[in-house]
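Asker: predicted model follows, preceded by the sequence.
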Amino acid sequence: MKILKNLGRCFNRIEELFISFLLLVMIFLSSLQIFMRTLFDSGLIWADPLLRHLVLWVGMLGAALATRYGKHITIDVFSHLLPGRGIYWLNLLLNLFAAVVCGFLTWAALLFIKNEIAFASGRELVGIPVWGWNLIFPFAFALMTVRFFVKVYESGVTLLQPECNSSRSISGSA
């Protein structure tokens with residue numbers, strides 16, 4: 001179990017560094033485009049499409065990161081009304097629902113990639129097929145699915161502990 005935690009921490013660090021790197025690339029390319037358009041009335045023809053794809057990558061990885069921290073969008077209506085262990089059951093059910101939805105979105109994203117490959121017209125962006133840029137969708141949804149299932153497991157473990165009535169929180173719900 002300790003090996004899994006260390007791998008998880010390593011993966012989390014790589015994820016954060018990768019998002020930071022993508023943001024730096026986006027800032028650099030955007031600034032370069034503004035500079036070149038202002039001073040030379042030209043720009044890099046591939047930079048704008050690349051920036052659009054990078055926005056998708058940062059957005060999807062940011063959503064996965066928000067899922068890890070339990071900072072994604074939540075609608076918290078019932079948590080203050082539920083007595084005792086009810087909040088933990090709600091947390092478990094919401095995380096399970098979110099995991100199932102993300103699982104379906106992963107499947108849909110894989111179908112999307114399959115169709116992109118089948119109907120690709122040889123389009124590329126900086127040497128990578130356009131469908132390759134869309135691989136972020138199944139990857140990020142799969143990552144969110146796993147993270148929500150981990151939260152389901154954690155909620156279940158919490159429910160099995162007799163002292164789960166002592167603190168009330170609804171973190172990581174959909």
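Answerer: Nice, I can see it.
Asker: okay, now Leu39: neighbour count?
Answerer: 8 (other C-beta atoms under 10 Å). From N, CA and C alone the C-beta is placed, and that goes for glycine too.
Asker: so for the helix or strand it falls within, mean pLDDT?
Answerer: Assigned by DSSP states H and E, Leu39 falls within helix 2-40. Helix 2-40 shows a mean pLDDT of 93 in the predicted model.
Asker: now do the helix or strand that it is followed by, average pLDDT.
Answerer: Counting by DSSP H and E, the next helix or strand C-terminal to helix 2-40 is helix 47-69. The average pLDDT for helix 47-69 rounds to 93.
Asker: buried residues in helix 47-69, which are they?
Answerer: For helix 47-69, the buried set under the neighbour-count rule, 16 or more other C-beta atoms under 10 Å, comprises 47, 50, 53-54, 57-58, 60-65, 67-68.
Asker: will you turn those residues into TSV that also has distance to Cys102?
Answerer: Shown next, in TSV, are these (distance: C-beta to C-beta, whole Å):
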residue	distance to Cys102
Ala47	32
Leu50	27
His53	22
Leu54	22
Trp57	17
Val58	18
Met60	12
Leu61	14
Gly62	15
Ala63	10
Ala64	10
Leu65	14
Thr67	8
Arg68	13
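Asker: from those, which is closest to Ser155?
Answerer: Nearest to Ser155, judged by C-beta to C-beta, of these is Thr67 at 14.3 Å.
Asker: I'd like to know how far that closest one sits from Leu56.
Answerer: 17 Å (C-beta to C-beta, to the nearest Å).
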